[in-house]
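Visitor: pasted the sequence and its predicted model underneath.
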Amino acid sequence: MTATLIDGTAFAATVREKVAAHVARLKEVQGVTPGLAVVLVGDDPASEVYVRSKGKQTVGVGMNSYEHRLPAETSETELLDLIARLNADKDVHGILVQLPLPSHLDESLVINAIDPAKDVDGFHISNVGRLGTGQKAMVPCTPLGCLMMLRDQLGNLSGLNAVVIGRSNIVGKPMAQLLLGDSCTVTIAHSRTKDLPDVARRADILVAAVGRPNFVQGDWIKPGATVIDVGINRIPAPEKGEGKTRLVGDVDFVAAREVAGAITPVPGGVGPMTIACLLANTLTACCRAHGFAEPEGLTA
Ligand SMILES: NC(=O)C1=CN([C@@H]2O[C@H](COP(=O)(O)OP(=O)(O)OC[C@H]3O[C@@H](n4cnc5c(N)ncnc54)[C@H](OP(=O)(O)O)[C@@H]3O)[C@@H](O)[C@H]2O)C=CC1
Ligand SMILES: Nc1nc(=O)c2c([nH]1)NC[C@@H]1CN(c3ccc(C(=O)N[C@@H](CCC(=O)O)C(=O)O)cc3)C=[N+]21
């Protein structure tokens, strides 16, 4: 059996359409345009690409995009000053500080300086606590996108065994919280997990967020399982020419698609959904800030 491909590119386009329709209504009825500020410190080329793509898509759904590019040697005080200004700016409903930050800047300190109501990444300690206690939160974009695809694919997730490989604050942990929120039986695996292949084989839902190319093997997958590949790994692709690279996930896709029931590809899976969910979160933050009705189907 060959697995169903979960088309993240197409799904993300439907999310953006919903966001765009809601934004158009807000502008017409309320005279309010949601705004997203993205802050990039330094000139990491991969981050450059993502930030540009975010800016384009933000404008594409009718929202305002504010890009702030700061030099790598920006001081913590300068960055905190900018965040304070964005917190106070009523035209800015969402703030995203692109990670990783240069090593002289304290990531937790910077993230926790963002107004939690504008924290569209969902990384602020108050949003993390809210998610963990089942209170209304801003939910991290990547796990939110994964949850949307899982609900669409499987309907009700209740009672399913979910295994998340990876325990980072930005993907693994919030993913586990969301799956628990949908009443899955959740296991979080990581680099110290014993017998990882056996743990993975129990999963009806397997989420790989490891950061190692083709790490999850075909025979780690329970036949019929739904596999979500979060990994974005750039590897050499000499077949495309000297010095060329290509993107692969954390799952050995060719082997896995023969065993899984459904699987997300890389590229074209979780990545596009992450950006679509960032736009959805900005719209949600704008609606909450103004006391407007929230969009349906775009939150956890
Ligand atoms: N598609 C998207 O939108 C996004 C994709 N990503 C991608 O997802 C991947 C994960 O990102 P992120 O969570 O930030 O990564 P981190 O490096 O922060 O976390 C990786 C996790 O994988 C675990 N791990 C590493 N090696 C092994 C191993 N041999 N066996 C089991 N577990 C292991 C680590 O365990 P331990 O904690 O024990 O060290 C850690 O918990 C990356 O490829 C990243 O590029 C990230 C964000 C968004
Ligand atoms: N504060 C913050 N929030 C983030 O959400 C955040 C971040 N920092 N730092 C970096 C990671 C990574 N990330 C991705 C987003 C989109 C794609 C994406 O669209 N990928 C395309 C391919 C893009 C390409 O070709 O390079 C795909 O998978 O199809 C990938 C990765 C968000 N991150």
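Guide: Ah, there it is. Ligands and ions are numbered 1, 2, ... in the order given.

Visitor: would you mind giving the domain segments of this protein?
Guide: What automatic domain parsing lists as the domains of the chain is 32-115, 141-271.

Visitor: with just CA atoms, put stretch 236-252 into CSV.
Guide: Output for stretch 236-252, consisting of C-alpha atoms alone and laid out as CSV, is shown next (Å, rounded to 0.1, in the frame of the first residue of the first chain):
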residue,chain,number,x,y,z
PRO,A,236,24.1,18.0,-0.8
ALA,A,237,22.6,17.1,-4.1
PRO,A,238,25.5,16.4,-6.5
GLU,A,239,22.9,14.9,-9.0
LYS,A,240,21.6,18.5,-9.5
GLY,A,241,25.1,19.8,-10.1
GLU,A,242,28.2,20.7,-8.2
GLY,A,243,27.5,22.5,-4.9
LYS,A,244,23.7,22.1,-5.2
THR,A,245,21.5,21.1,-2.3
ARG,A,246,18.0,19.8,-1.7
LEU,A,247,15.6,19.7,1.3
VAL,A,248,14.7,16.5,3.0
GLY,A,249,12.8,15.7,6.2
ASP,A,250,13.6,13.7,9.2
VAL,A,251,11.8,10.6,7.8
ASP,A,252,13.1,8.3,5.1
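
Visitor: list the buried ones in that stretch?
Guide: In terms of neighbour count (16 or more other Cβ atoms under 10 Å), stretch 236-252 has its buried residues at L247, V248, G249, D250, V251, D252. For glycine as for every other residue, the C-beta is placed from the backbone atoms N, C-alpha and C.

Visitor: any idea how far the last one lies from ligand 2?
Guide: Distance of D252 to ligand 2, given as Cβ to the nearest ligand atom, to the nearest Å: 17 Å.

Visitor: mind checking pLDDT for that residue?
Guide: The model reports D252 with a pLDDT of 98.

Visitor: which residue packs closest to it, ignoring adjacent ones?
Guide: Nearest residue to D252 in three dimensions, chain neighbours excluded: N214, at 4.4 Å (Cβ to Cβ, 6 or more residues apart in numbering).

Visitor: in contact with that neighbour, which residues?
Guide: Taking Cβ atoms under 8 Å, 6 or more residues apart in numbering as the definition of contact, the neighbours of N214 are V248, G249, D250, V251, D252, F253.

Visitor: next up, phi/psi of it, please.
Guide: phi 50, psi 40 (degrees, to the nearest 10).

Visitor: filter the contacts of N214 down to the ones in helices?
Guide: When DSSP state H is applied, those are split such that F253 fall in helices.

Visitor: which ones among the buried residues of stretch 236-252 map onto strands?
Guide: Taking DSSP state E as the definition of strands, the buried residues of stretch 236-252 contribute L247, V248.

Visitor: that's a strand at E294, yeah?
Guide: No: E294: not assigned to a strand; according to DSSP: H, G, I helix; E, B strand; the rest coil it is coil.

Visitor: now F215: how far from P197?
Guide: F215 sits at a distance of 11 Å from P197 (criterion: Cβ to Cβ, to the nearest Å).
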